[in-house]
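>>> Only the shape, not the letters, is given here:
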């Protein structure tokens, strides 16, 4: 079956540091890949997505590239802010039904 | 605001009881998904409905059931509740006729079983 593995947290960074959160996946076909973010006490919000190999998703300074050869979709940001502190989930969907398989989430803590 | 509305936001109930969680999808969305988020299991897909019909099933217990009504709102029924059912339950919806599109999530219902 499908699965998503992402690095365990928490990831603790100082403001303006570079962020990478690793995500790899296992899928039988050609999934779409997503990063969702969950701020404290809130639901999940889509951060970015990519639907085919070599696509780059980007939003709010975050980027991730769909790498089919390494089955990866790592999240990066050049300069994090305190307001980026949240839990980040990597996810995939496949088969046309948009049912999501999530990783376990990575908590990011950014200090001033 | 995602446009997906879930009620109630919090629910505290005793073991053995039954509860109903409610979800109103975004206007125009035909698909509704239910997910459970717990500390030990993470985010798990439970069940999907599309325009009133069950479309996909995930790790949903037999004590749990769901349905989608003609006005497209959905309810998740949890019965014979156990302590381990304490979790955050999310509803999500997605647009019709789009493959592998993103889902839009509600704020969740936090269920505490005591």
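Yep, that arrived. Values in this document were obtained by computation on a predicted structure and should not be read as measured data. Residues are numbered from 1 along each chain as shown, chains lettered A, B, ... in the order given.
>>> Return the distance of stretch B:93-106 from the chain's centre.
Shown here is stretch B:93-106, whose average C-alpha point lies 14 Å from the average C-alpha point of the whole chain (C-alpha atoms, centre = their mean, to the nearest Å).
>>> What is the burial count for residue B:6?
Here the count is done by other C-beta atoms under 10 Å in any protein chain shown, and residue B:6 has 21 residues near it. Yep, even glycine has a C-beta here, placed from its N, CA and C like the rest.
>>> distance of the residue most central in space within chain B from chain A?
Compute the mean C-alpha point of chain B, and by C-alpha atoms, centre = their mean the closest residue is residue B:34, 3.0 Å away. With the distance defined as C-beta to the nearest C-beta, to the nearest Å, residue B:34 ends up 11 Å from chain A.
>>> Give the helix, strand or coil label for that residue.
At residue B:34, secondary structure determined by DSSP: H, G, I helix; E, B strand; the rest coil is strand.
>>> In space, what's closest to it - neighbours in sequence excluded?
Ranked by C-beta to C-beta, 6 or more residues apart in numbering or on different chains and with sequence neighbours excluded, the top spatial neighbour of residue B:34 is residue B:46, at 4.2 Å.
>>> follow-up on the earlier one: which residues sit in contact with the residue nearest to the centre of chain B?
B:23, B:45-48, B:60, B:66, B:74, B:76, B:89-92 (C-beta atoms under 8 Å, 6 or more residues apart in numbering or on different chains).
>>> Would stretch B:47-57 count as contacting chain A?
Yes: Stretch B:47-57 comes into contact with chain A when judged by C-beta under 8 Å from any C-beta of the partner chain, the residues involved being B:48, B:50, B:55-56.
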